[in-house]
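> let me see the structure of the following:
(6 chains, ligands or ions: 6)
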Amino acid sequence: MTTLLSPMVLFFGLGALAAFARSGLTIPEAVGKAMAIYLMVAIGLKGGVAVAAEGFTPDLALAAVLGLTLSVVLPLPAFWLVRRVGQQSAIDAAAIAAHYGSVSVVTFVAGIEILKLAGPPASGSMIAVLALMETPAIVVGLLLARRATKAGGITAGRILHETLFNGSVVLLVGSFLIGLAVGKEGYTQIAPVFEAGFRGILCLFLLDMGLIAARRLSETRSLTLQLTGLALAIPIMNGLVGTLLGAMTGLGTPDAAALGILAASASYIAVPAAMRMALPEANSGTSLAMSLGVTFPFNVTFGIPLYIWFARSIAGS
Amino acid sequence: MTTLLSPMVLFFGLGALAAFARSGLTIPEAVGKAMAIYLMVAIGLKGGVAVAAEGFTPDLALAAVLGLTLSVVLPLPAFWLVRRVGQQSAIDAAAIAAHYGSVSVVTFVAGIEILKLAGPPASGSMIAVLALMETPAIVVGLLLARRATKAGGITAGRILHETLFNGSVVLLVGSFLIGLAVGKEGYTQIAPVFEAGFRGILCLFLLDMGLIAARRLSETRSLTLQLTGLALAIPIMNGLVGTLLGAMTGLGTPDAAALGILAASASYIAVPAAMRMALPEANSGTSLAMSLGVTFPFNVTFGIPLYIWFARSIAGS
Amino acid sequence: MTTLLSPMVLFFGLGALAAFARSGLTIPEAVGKAMAIYLMVAIGLKGGVAVAAEGFTPDLALAAVLGLTLSVVLPLPAFWLVRRVGQQSAIDAAAIAAHYGSVSVVTFVAGIEILKLAGPPASGSMIAVLALMETPAIVVGLLLARRATKAGGITAGRILHETLFNGSVVLLVGSFLIGLAVGKEGYTQIAPVFEAGFRGILCLFLLDMGLIAARRLSETRSLTLQLTGLALAIPIMNGLVGTLLGAMTGLGTPDAAALGILAASASYIAVPAAMRMALPEANSGTSLAMSLGVTFPFNVTFGIPLYIWFARSIAGS
Amino acid sequence: MNASIERVKVEILLDAPLCDLVTRMVEEAGAGGYTILLALGGSGRNGRWREDRVTGADTKLLLLAVAADDIAEAIVRGLEPLLDSYRLIVMTTRVGVVRGDKF
Amino acid sequence: MNASIERVKVEILLDAPLCDLVTRMVEEAGAGGYTILLALGGSGRNGRWREDRVTGADTKLLLLAVAADDIAEAIVRGLEPLLDSYRLIVMTTRVGVVRGDKF
Amino acid sequence: MNASIERVKVEILLDAPLCDLVTRMVEEAGAGGYTILLALGGSGRNGRWREDRVTGADTKLLLLAVAADDIAEAIVRGLEPLLDSYRLIVMTTRVGVVRGDKF
Ligand SMILES: Nc1ncnc2c1ncn2[C@@H]1O[C@H](COP(=O)(O)O)[C@@H](O)[C@H]1O
Ligand SMILES: Nc1ncnc2c1ncn2[C@@H]1O[C@H](COP(=O)(O)O)[C@@H](O)[C@H]1O
Ligand SMILES: Nc1ncnc2c1ncn2[C@@H]1O[C@H](COP(=O)(O)O)[C@@H](O)[C@H]1O
Ligand code: NA
Ligand code: NA
Ligand code: NA
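Ligands and ions are numbered 1, 2, ... in the order given. Now for the predicted structure:
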């Protein structure tokens, strides 16, 4: 599979190898954050400019409804599996389920690039779907934990606010709207930074992610065989369901693949922060080891090509 | 007004909105500093390369004299207004006056770009004027405070040194001289980074500035209605005076506008640091809330277009 | 000499001047590290892509053998000189000798660029030689210190691991292999960041290095006149020996110059870290003041042009 | 040290997402101020962590507030319900301060 | 702790622009060394602040010097004139140190 | 402070390259955890240094571990052989902690 030899995946692998070899290589946190901000602004802008050109299509509304539905529904089987197969407490299972219902921006960006390398790209409006899918799973997770989130005086409203206005949502949505407002002509004047630089920066960012994911994996103490299995099975299941749903309801093939990638991706930024406040008793080590240590690397290497292949197979049939 | 819809202003607005919505979005300090360094080196280089091509013109000498004069004179009405209208102590008023006599590099850079979008650009030598205007107002401010700056053994010489050799002056002047030395051919080999990237980076930097200015505004405790009014009135007054002075003495229209932008801009980096040492009793919260929280956003959104419009109106009349 | 007026050298000088003038200019550590990572990835990738095109030539094997030999042999005269002329203890002399046997990535990168400005470039495979030369001198240095490295339970294996897998070796070798794997076509998609940006970033990085080297020099307390002399004499000697060896054994002129630059360069990242663990009694102030404060600036300004001139002179004779 | 008055330094090690909550509680207990430092890494029952995580969720901060005895006690008492669920670490030390009237 | 000797840890919270001045005074008081940490944010009578300000003017640092009693006292006495105008916070704590001869 | 138990706070100032070694020793001494802060600069017998060095070799860290008396003593004893050659600084302070059972 040629995507495995793309520079992006190779840099991810280099980072992981460096971490496993206990190399001294580290990328300062400020630099990692800077790259993440750059990627989110770039992807938001491009999405907005694309939608400014395409206009709001019925497909966008459809994709939005599908995304929201998935984000609400997908935590349920994940919760059940983590309780039964993973043998976790209700609170831990709820926290993990929220991670898998929500999405990972980086997985999405990597997926969009791999899609583009392999054929027609997803439409710009999928960025809006990405933003819509960040939050609902958190609410579902809290409901699954069957408790009012009032620990230490933190109200549900507070947590909702933190999640809706977390940095990545604001950046994505804001840049999307700016792209929409300035359109192609306005974008041209600032495009060099966001166009020419994009893939190179993504490589360096994935190098960092490889380091971080592998370190998370090797420092964790709470990952059982069952949980590792689930961290592979749940994204595959979610990815195939997302892709299928997109294809069946009439999204184009690339958009169906993108929806699959979103469904398969697991949050490791927004959801952990929300859970740390709302479900402090949940073991954040377990959920992060699963989403960041296992699911993320799997998606970047094998998962994304699988969902793309699946989307094409359905379309071709 | 089309400049309000330029990506730069929109990103500034996004940052401000994110801060007011109490979003978790932050840009690491190291990254903000890196962007500031990049912008100063880029603008210094470009100025130097431009002057290497244009040669030293009488206009440059004229602009330098005008800039120095403004930086010495403008603190005086500001001091008077802040004492009378703003009801501040002499020391606080002196510190605030120094902020308004000095200049803001970021306002200048934003102004230069907005000028360029709207018509003929300012000449490269205005960067030298910018550097000249950083320091004199500090000295005037200290004289206005009517006290020898000897608090805690800090001598006047020490403060002057700190101000003359502060990071941004060194970077601007140094890069200007390097640009002058290497000229167009030498610049070509390093130009891609400083040319193609410039506006995109400026967008990201203004996003950060929006966050910072809005946070400053919402966390301040010392901003009265009168001070807010002055933080709008003083830059308008200074901007119009600077533009008029430039136009009357025969600077070209873009350079007169640039001089107005410099006069209108208020320092929020070099002067606060100098005041912290020389006038520690002055309330730095007040002066920063005015210059960074009110004047800077005003200039970036409404002020700069106003001064440009004014320069053109005079020229056209 | 035109290279002294290249923007890279001028920015290095600006940084040094800013530090000597006790300017407040600082570049955040995270940003310096980010630029170093960028430069190492870029140079590794380019090297790998070049070797993918050129193929593994006998010249590469020859250069590798020469580099390894130099790294093992060069610490010996340095040790002897530092003991006799520099009057240092055996342990300090061994630590210093290790610095001079090993290499500096930044000196190499600056050298490669100056070579390129001046004529035909060095071949991509010299990056592999750079990586090979980082470690052996450390082992020789420890042998020269004539003691088992078991201070505080740190084993020799541990130190070797730390050195072989230190961040810069991993980045250089890893990027080199990725460049080799993806070849020219794979590289094209990520090239803009690593090509267009390279020299501009190198300028900013050398600005930072100028600051750091000059501060190191002005804050040191242990640099005698003799040691300063050695910090100039050893690189000149090593540089000429390396160039001569390359030319005599039949490396092309640019590669001979590159080998000279490697031999002349002194480590200031990998070796100090290794010595801090293995020879904690050694005075790290002395060795860093020599390699970073004296040798590095000398090489960037005068040394590199000297070794290039020498390589050309031999070839022309 | 003659000019020095005894006060209590309260040090709280906390997760970054809790920063707003904890600072609000410190202010409500009556502290005149506080200062926050960033932790770079650490280790505890939940394993090792370092700062260079993308996931800011487990960045740790060290909050430090100098206060009079009664206010320090109020801070600690206020935090007590959070200690177990949020795994905070709270330390108190007697320190000498100058300008003691300030706290 | 048997091997341990009592010394004084002086902690000074200061604004970044004052760093040169304060370190000079600490050295003049006879301290053998000091270490500086960066503060990330805080709150006091002048409102809240965080590190991600462009304006380095209100970055705060925490300087920490371990010293013998007399030197610690000299440090504190030397700083006293600055305390009010520069709004420094100075804390002293008795600590046990090993290698006490060093300080 | 009624709910508070006395423990020892051990603070170790160390060079970054020694971090792995020292944390291993702290863990072996039985400490339940530790936290690391980054130092920004300092000065000692070997001159001044600041964090913005490329050469991470002289970045300094401040490790902080709260522990029961016997464990704190074990930490200090374990480090003693390293103190001189690696120029570590080790401080111990008695602190009050809540959740004392944790340490
Ligand atoms: N009681 C306190 N404990 C710890 N830090 C404080 C305290 N009071 C003030 N500070 C710090 O000192 C800075 C300036 O305080 P102030 O002069 O009161 O505005 C604050 O922003 C805090 O970082
Ligand atoms: N008395 C002290 N108090 C606090 N930190 C110190 C002290 N002495 C040394 N240090 C720190 O330890 C580092 C190494 O000290 P030295 O081994 O004396 O060069 C210095 O750079 C300081 O950061
Ligand atoms: N005894 C301790 N001393 C200092 N820091 C600690 C200690 N125990 C835990 N920590 C810090 O608190 C964090 C969470 O601890 P834990 O809840 O035990 O995983 C750790 O990662 C450490 O940074
Ligand atoms: Na998902
Ligand atoms: Na002004
Ligand atoms: Na060498």
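> quick one, phi psi at residue D:91?
Here is the backbone geometry of residue D:91 (degrees, to the nearest 10): phi -120, psi 140.
> kindly report the same for the one 3 residues further on.
The phi/psi pair for residue D:94 (degrees, to the nearest 10) reads phi -80, psi 130.
> surely it touches residue D:4?
No: proximity of residue D:94 to residue D:4 does not meet the contact threshold set by Cβ atoms under 8 Å, at 11.2 Å. Yep, even glycine has a C-beta here, placed from its N, CA and C like the rest.
> excluding chain neighbours, what is closest to the residue most central in space within chain D?
In chain D, the centroid-proximal residue (Cα atoms, centre = their mean) is residue D:12; its distance is 2.6 Å. Distances taken as Cβ to Cβ, 6 or more residues apart in numbering or on different chains place residue D:63 nearest to residue D:12, at 4.4 Å, with adjacent residues excluded.
> next, count neighbours for the one you found.
Neighbours of residue D:63 under the rule other Cβ atoms under 10 Å in any protein chain shown: 25.
> host element of residue D:36?
Secondary structure from DSSP states H and E places residue D:36 in strand D:34-44.
> if you could redo that for residue A:244, that was the one I meant.
In this structure, residue A:244 sits in helix A:225-248 according to DSSP H and E.
> that older thread, what does the pLDDT read for the residue nearest to the centre of chain D?
We have a pLDDT of 95 for residue D:12.
> next, the buried residues of the host helix or strand of it.
Under the criterion of DSSP H and E, residue D:12 resides in strand D:5-15. Under the neighbour-count criterion of 16 or more other Cβ atoms under 10 Å in any protein chain shown, strand D:5-15 has D:7-15 buried.
> list the helices and strands it packs on?
Under the contact definition 3 or more Cβ pairs under 8 Å, 6 or more residues apart in numbering or on different chains; DSSP states H and E, strand D:5-15 sits against helix D:19-28, strand D:60-67, helix D:69-86, strand D:89-97, strand E:89-97.
> so which of the ones you listed gets nearest ligand 2?
Closest approach to ligand 2 among those is made by strand E:89-97 (8.8 Å; Cβ to the nearest ligand atom).
> quickly run through the sheet partners of the closest one, with directions.
If you go by DSSP bridges, strand E:89-97 pairs up with strand D:89-97 (antiparallel), strand E:5-15 (antiparallel), strand F:89-97 (antiparallel).
> possible to save those as TSV with distance to residue B:44?
Rendered in TSV, the data for those read as follows (distance: least, Cβ to Cβ, whole Å):
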stretch	distance to residue B:44
strand D:89-97	46
strand E:5-15	28
strand F:89-97	43
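> CA atoms of stretch D:31-50 as PDB?
Provided in PDB are the C-alpha atoms of stretch D:31-50 (Å, rounded to 0.1, in the frame of the first residue of the first chain):
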ATOM      1  CA  ALA D  31      -5.900  35.200  49.400                       C
ATOM      2  CA  GLY D  32      -4.600  38.500  48.200                       C
ATOM      3  CA  GLY D  33      -2.800  36.800  45.300                       C
ATOM      4  CA  TYR D  34      -1.200  33.700  43.900                       C
ATOM      5  CA  THR D  35       1.400  32.700  41.400                       C
ATOM      6  CA  ILE D  36       1.500  29.800  39.100                       C
ATOM      7  CA  LEU D  37       4.400  27.800  37.800                       C
ATOM      8  CA  LEU D  38       4.400  25.200  35.100                       C
ATOM      9  CA  ALA D  39       5.500  21.700  35.900                       C
ATOM     10  CA  LEU D  40       7.600  20.000  33.200                       C
ATOM     11  CA  GLY D  41       6.800  16.400  34.100                       C
ATOM     12  CA  GLY D  42       6.400  14.000  36.900                       C
ATOM     13  CA  SER D  43       5.400  10.600  38.100                       C
ATOM     14  CA  GLY D  44       2.800   9.300  40.400                       C
ATOM     15  CA  ARG D  45       0.500   6.300  40.800                       C
ATOM     16  CA  ASN D  46      -0.900   6.900  37.300                       C
ATOM     17  CA  GLY D  47       2.500   6.600  35.700                       C
ATOM     18  CA  ARG D  48       5.000   9.100  34.300                       C
ATOM     19  CA  TRP D  49       4.100  12.100  32.200                       C
ATOM     20  CA  ARG D  50       6.000  14.900  30.600                       C
END
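> got the residues of the stretch 151-300 of chain A near chain C?
A:196-197, A:199-201, A:203-204, A:207 (Cβ under 8 Å from any Cβ of the partner chain).
> for the closest residue to ligand 3 within the stretch 151-300 of chain A, give its distance to ligand 2.
Using Cβ to the nearest ligand atom, residue A:285 is the residue of the stretch 151-300 of chain A that sits closest to ligand 3, at 8.1 Å. Counting by Cβ to the nearest ligand atom, to the nearest Å, the gap from residue A:285 to ligand 2 is 33 Å.
> part of a helix, is that residue?
Yes: counting by DSSP: H, G, I helix; E, B strand; the rest coil, residue A:285 is found in a helix.
> my read: it touches residue A:227, true?
No: Residue A:285 is beyond contact range of residue A:227, at 11.0 Å (criterion: Cβ under 8 Å).
> tell me the contacts of residue A:253?
A:120, A:247, A:311-312, A:314-315 (Cβ atoms under 8 Å, 6 or more residues apart in numbering or on different chains).
> which residues touch the residue nearest to residue D:12?
Counted by Cβ under 8 Å, 6+ apart, residue D:63 has contacts D:11-14, D:19, D:22-23, D:26, D:34-37.
> any idea what it is bridged to?
Going by DSSP bridges, residue D:63 forms beta bridges with residue D:12, residue D:36.
> pull up the gap between it and residue B:204, please.
Residue D:63 sits 30 Å away from residue B:204, going by Cβ to Cβ, to the nearest Å.
> try residue A:50
Residue A:50 is 20 Å from residue B:204, by Cβ to Cβ.
> so which of the helices and strands packed on strand D:5-15 is nearest residue A:46?
helix D:19-28 (33.1 Å; Cβ to Cβ).
> do the closest one and chain F come into contact?
No: judged by Cβ under 8 Å from any Cβ, helix D:19-28 and chain F are separated, with a smallest distance of 13.7 Å.
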